[in-house]
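Give me coordinates for this.
(one chain, ligands or ions: 1)
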Amino acid sequence: SQTARSCAGCGVQLQSERSDLAGFLPESALLRDPVICQRCFRIRNYNEASSVAVDQDDFLRLLSSIGSTDSLVVHIVDLYDFEGSLISGLQRFVGNNPVLLVVNKIDLLPKAMNVNRLRNWVQKQAKAEGLRTVDIVLCSAKRNMGFEHVIDALERYRGDRDVYVVGATNVGKSTLINRLIRDYSDMERELTTSRYPGTTLDAVHIPLEDGKAIIDTPGIVYTTRMTEVVPRSFLGSLLPDKPIKPLVYQLNSGQSLFIGSLVRFDFVEGDRQSFTLYISNALNVHRTKLERADALYEDHRGELLGGPTREELEEIPAWTRHSLRVPRGSNKDLFISGLGWIQVNGTNGAMLDLYAPKGVKVMLRDSMI
Ligand code: GDP
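Numbers count the residues shown, from 1 in each chain. Below is the predicted model:
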């Protein structure tokens, strides 16, 4: 049997069961001496940050410790899953430290987006969530869009402080950190002068030229996101990789849409109107009559309707129904965390039902686009 050992780099307890959690090391390497976790190994040898996840309690403990530091907090969120990836209550934990909100994945939105409008929308939503930000930067870490603004903002707000980077899983935190390592850090020097990059639990330190550091914290897992509910093999269909082509459906009341076998949308009541789907274009959309929807799902889920497969659906929480009223004269999105949203384009209001796996966050919000 194995005695519990900790990583000589970051101090985290080592384990060889789950590669997506902190402290992972393949079993074969556990007995080396000194021993460092795979994450520290990769950042030391390849200058490459990788994602690890922690649960809510561990994450909150980590956040609380930021409150007693003097630092700039960079909160990275996924524009495509804004409400699902915003860390609620962040403000309480970071104390008086300034928060820079970095909104990632703007490459996913349709090309014709007005960036100023988008930024205003983000600002309003963040404020409504009680988050005070010194600034908001929109970027795509993956496609290298707006990254110079991220660096400008770091320069402007950091002063001579450390930078804590916090975010939920899958928002693109490690993609962003990898760019920072390349374009902003002093990792080269670190690698030749000191032992291991990590110093505190779970948090990897990336040295900066002035002796301060960027501290990459583990991603918090929010189980309220569709991305955390589906099998990993289905993530590729769920997470869009290219700009989303919005899908417009003209519907009469009494019609339903299935999005894969993951979600059912019923237009229960209202004038004929259009609904625009902002979802991964790899997902299958199927239109039917509301009265036929139950039977269709029974007979064709995981097959004609699209993934996940019947077997995989067994592992996903059963649907619950969300009944939502869109007020007259408002512009609303029906937001489904981790999946995308449905923009409601009527002006006379509507009654909508949305079925989604239990636990997945579903809500009406002011339209983003
Ligand atoms: P982390 O869990 O927050 O560290 O996220 P990763 O950096 O591992 O990225 C999660 C997923 O999002 C991966 O599939 C990335 O390729 C993708 N991703 C990261 N940044 C972007 C981006 O700017 N745009 C798009 N479209 N995808 C991104």
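
Ends of stretch 232-243, what's the gap?
22 Å (C-alpha to C-alpha, to the nearest Å).

buried stuff in it?
Buried residues in stretch 232-243, defined by neighbour count with 16 or more other C-beta atoms under 10 Å: 234, 237-240, 243. C-beta here means a position set from N, CA and C on the backbone, and glycine is covered the same way.

List the contacts of the closest residue to the ligand within the stretch 101-250 of the chain.
With C-beta to the nearest ligand atom as the measure, the residue in the stretch 101-250 of the chain that lies nearest the ligand is G172; the distance is 2.8 Å. Residues touching G172, when contacts are defined by C-beta atoms under 8 Å, 6 or more residues apart in numbering, comprise 76, 78, 104-105, 141-142.

N178 looks like it's in a strand, true?
No: with DSSP: H, G, I helix; E, B strand; the rest coil as the criterion, N178 is helix rather than part of a strand.

I figured it was touching I43, is that so?
No: when contacts are counted by C-beta atoms under 8 Å, N178 is not listed as touching I43 (9.4 Å).

Which one's more surrounded, the two?
More neighbours sit around I43 than around the other of N178 and I43, counting by other C-beta atoms under 10 Å; the figures are 29 against 19.

Enumerate the residues of the stretch 1-150 of the chain near the ligand.
The interface of the stretch 1-150 of the chain toward the ligand, taken as C-beta under 6 Å from any ligand atom, is made up of 51, 104-105, 107-108, 140-143.

do you know how far L296 is from T320?
In this structure, L296 and T320 are separated by 19 Å, where distance is defined by C-beta to C-beta, to the nearest Å.

more neighbours, the two?
Per other C-beta under 10 Å, whichever of L296 and T320 has more neighbours is L296, with 17 against 13.

by contact count, what packs against the helix or strand hosting that one?
Using DSSP states H and E, the element containing L296 is helix 290-300. Counting contacts by 3 or more C-beta pairs under 8 Å, 6 or more residues apart in numbering; DSSP states H and E, helix 290-300 packs against strand 255-259, strand 263-269.

what domains does the record give for this protein?
Domain assignment for the chain by automatic domain parsing gives 27-220, 228-366.

Can you lay out these as a markdown table showing mean pLDDT?
Converted to a markdown table, the domains of the chain look like this (pLDDT from 0 to 100):
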| stretch | mean pLDDT |
| --- | --- |
| domain 27-220 | 83 |
| domain 228-366 | 95 |
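
Let's have the ones you listed in CSV, adding distance to G11.
Listed next are these as CSV, based on distance: least, C-beta to C-beta, whole Å:
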stretch, distance to G11
domain 27-220, 5
domain 228-366, 27
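
contacting residues around P317?
If a contact means C-beta under 8 Å, 6+ apart, then P317 has 229, 357-360 as its contacts.

Could you check how far it is from the ligand?
Summarising the geometry, the distance separating P317 from the ligand, computed by C-beta to the nearest ligand atom, to the nearest Å, is 22 Å.

from now on call the first residue 57
Okay, residue one is now 57; in that scheme the one you just asked about reads as P373.

how far away is D208 from W177?
With the distance defined as C-beta to C-beta, D208 ends up 22 Å from W177.

With neighbour numbers in mind, choose between the two.
Between D208 and W177, W177 has the larger neighbour count (other C-beta under 10 Å), namely 18 against 13.

Which positions in the host helix or strand of that one come out as buried?
For W177, the element it lies in under DSSP H and E is helix 171-184. When neighbours are counted by 16+ other C-beta under 10 Å, the buried residues of helix 171-184 are found to be 174, 177-178, 181-182.
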